[in-house]
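Engineer: return a 3D structure for these sequence lines:
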Amino acid sequence: MKVLDQYVIPLNGVREGESEYIFTVNNKFFEQFKNSEISIANIVVKCIVYKTGSLMDMTIHLMGEVEVVCDRCLDLFMYAVNNTYKLYIKTSPDKKEEEAEIIYITGFEQQLNVAQYIYEYINFSIPLKKTHPEWDAEKLKQEVARRLSHGAV
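Structural biologist: Numbers count the residues shown, from 1 in each chain. This is a model prediction of the structure:
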């Protein structure tokens, strides 16, 4: 079984009302994506699907941590991820191109693999500027002074 095959929601099994799916994202998940900047992670993904007629409202909640490089000191540290995203799944007689938060499916599709969406949402959860959460202005000044005194910048 391929690693990403476990991130599937069976569309024909979703009943009216609310259904919940729990996935675990770890290092093997990110190995499946070429050029991924993330290699170490431990994230629990909770997908809550609310179905009414031909529309499904999916809430994807990410909670865990990923290893990133600090932009100030270049050390690795674990960055906490705790975000929620929304996706809407609409049934359409014709296959339409996806929109920002809307996925169109035909009535013949049996399942939806959410791995790509999870990957993108985890990456969206990481800020462009990544710094240790414990860094403050005073600690930064001390670290810069220490490195300058040792000739390392």
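Engineer: spit out the contact partners of S54.
Structural biologist: Neighbour list for S54: K90, T91 [criterion: Cβ atoms under 8 Å, 6 or more residues apart in numbering]. All C-beta spots, glycine's among them, are computed from the backbone N, C-alpha and C.
Engineer: use 51 as the first number from now on
Structural biologist: Fine by me, first position is 51 from now on; the one you just mentioned is S104.
Engineer: any idea which element the residue nearest the centre of the chain lies in?
Structural biologist: In the chain, the residue lying closest to the centroid (Cα atoms, centre = their mean) is I172, at 2.3 Å. I172 belongs to helix 165-174 when elements are defined using DSSP states H and E.
Engineer: need the residues that contact that helix.
Structural biologist: Counting by Cβ under 8 Å, 6+ apart, 54, 57, 73, 75, 79-80, 82-83, 86-88, 91, 93, 95, 110, 112, 116, 131, 133, 135, 137 sit against helix 165-174.
Engineer: can you rerun that using 6 Å?
Structural biologist: Residues outside helix 165-174 that contact it (Cβ atoms under 6 Å, 6 or more residues apart in numbering) are L54, Y57, F83, V95, Y135.
Engineer: any chance of those in a markdown table, with secondary structure and pLDDT too?
Structural biologist: Below are the contacts of helix 165-174 laid out as a markdown table (DSSP: H, G, I helix; E, B strand; the rest coil; pLDDT from 0 to 100):
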| residue | secondary structure | pLDDT |
| --- | --- | --- |
| L54 | helix | 90 |
| Y57 | coil | 94 |
| F83 | coil | 92 |
| V95 | strand | 97 |
| Y135 | strand | 96 |
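Engineer: next, the buried residues of the helix holding I172.
Structural biologist: A165, Y167, I168, Y169, Y171, I172 (16 or more other Cβ atoms under 10 Å).
Engineer: stretch 116-123 now?
Structural biologist: Applying a neighbour-count criterion of 16+ other Cβ under 10 Å, one finds V116, E117, V118, C120 buried in stretch 116-123.
Engineer: and those, which of them are in strands?
Structural biologist: Using DSSP state E, the subset of the buried residues of stretch 116-123 located in strands is V116, E117, V118.
Engineer: contacting residues around the last one?
Structural biologist: Yep, that's V118 we're talking about. Going by Cβ under 6 Å, 6+ apart, V118 touches Y129, K180.
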